[in-house]
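**Q** The sequence isn't on hand, but the structure is:
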């Protein structure tokens with residue numbers, strides 16, 4: 001068991017960090033987020049469809065580029081893109097909170113949608129698929145099934161925690177929720193930078 005500890009740390013870390021990117025918070029509550037941003041209820045549905053389409057198309061990018069570019073490079077590049085996207089979303093929404101108006105201007109609302117799509121695309125070609133691929137590659141064959149079981153369990157646990165706490169955090173942190181998740185993206189990028197190569 002001791003010889004599998006590094007692989008277990010990587011697998012657990014990947015799953016925890018995958019959830020702390022904030023992707024499930026954005027995907028679960030995209031209609032609520034976009035409706036809150038001043039889009040009508042139909043626009044919120046369209047926005048959810050748009051983010052879903054961006055997710056699928058960007059995952060295809062990962063399929064074709066992961067072996068050419070490398071796992072670490074995809075994770076680090078996406079870390080920069082996710083950090084910048086979420087920080088910009090937090091700044092735009094923070095400025096909106098300061099002006100005491102009821103909704104974002106059309107330009108700012110479109111900017112937030114574009115930033116959310118940039119965030120979703122960077123997740124979908126990095127932490128989304130690679131969060132599952134890397135643990136499956138690091139465990140030796142004799143412990144792979146047990147290791148993947150732990151990986152799935154940790155992922156589901158943290159998905160549940162984020163899903164249950166997101167609305168409370170959103171009400172408490174307001175625009176700061178995006179800064180909270182962007183700070184986690186920074187931490188996980190440092191984790192990836194210093195991961196050993198297996």
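**A** Perfect, I can see it now. All values derive from a computational prediction rather than experimental measurement. Numbering: from 1, shown residues only.
**Q** rest of the way, CA atoms for contacts and neighbours
**A** Fine.
**Q** residues of the lowest-mean-pLDDT helix or strand in the chain that come out buried?
**A** Across the helices and strands of the chain, mean pLDDT, DSSP states H and E gives its lowest value to helix 30-36, namely a mean of 72. Neighbour counts using 16 or more other Cα atoms under 10 Å place 30-35 of helix 30-36 among the buried residues.
**Q** what's it in contact with?
**A** With contact meaning Cα atoms under 8 Å, 6 or more residues apart in numbering, helix 30-36 is reached by 26, 41, 43-45, 47-48, 103, 113.
**Q** Redo those residues as CSV? Include secondary structure.
**A** CSV is the format used below for the contacts of helix 30-36 (DSSP: H, G, I helix; E, B strand; the rest coil):
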residue, secondary structure
26, helix
41, helix
43, helix
44, helix
45, helix
47, helix
48, helix
103, coil
113, helix
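**Q** Relative to residue 18, which of those residues is nearest.
**A** Using Cα to Cα, residue 26 comes nearest to residue 18 of the contacts of helix 30-36, at 12.9 Å.
**Q** out of everything not next to it in sequence, what's closest to that closest one?
**A** Residue nearest to residue 26 in three dimensions, not counting chain neighbours: residue 33, with 7.7 Å by Cα to Cα, 6 or more residues apart in numbering.
**Q** Residue 63 now?
**A** That would be residue 125: by Cα to Cα, 6+ apart, it lies 7.9 Å from residue 63.
**Q** swap in residue 155?
**A** Nearest to residue 155 is residue 15, by Cα to Cα, 6+ apart, at 5.1 Å.
**Q** which element is that neighbour on?
**A** Element membership of residue 15 [criterion: DSSP states H and E] is helix 5-19.
**Q** what residue ranges in this protein score low on pLDDT?
**A** Applying pLDDT under 70 to the chain flags residues 1, 29, 32, 36-39, 97-103, 197-198.
**Q** before we move on, the earlier item: so among the contacts of helix 30-36, which ones count as buried?
**A** By neighbour count, with 16+ other Cα under 10 Å, the contacts of helix 30-36 hold 26, 44-45, 47-48, 103, 113 as buried.
**Q** Hmm, residue 133 and the residue nearest to residue 155 touching each other?
**A** No: the criterion here is Cα atoms under 8 Å, and residue 15 misses it with residue 133 at 11.0 Å.
**Q** more crowded one of the two?
**A** Remark: of residue 15 and residue 133, residue 15 carries more neighbours, 26 against 13, as counted by other Cα atoms under 10 Å.
**Q** ok, that one - contacts?
**A** 131, 151, 154-155, 158.
**Q** Same check on residue 41?
**A** Shown in contact with residue 41 (Cα under 8 Å, 6+ apart): 31, 35.
**Q** in the helix holding residue 15, what counts as buried?
**A** Those would be 7-8, 10-19, for helix 5-19 by 16+ other Cα under 10 Å.
**Q** Give me the neighbour count for residue 195.
**A** Neighbour count of residue 195, defined by other Cα under 10 Å: 12.
**Q** err, residue 196, not the other one
**A** Counted with other Cα under 10 Å, residue 196 comes out at 10.
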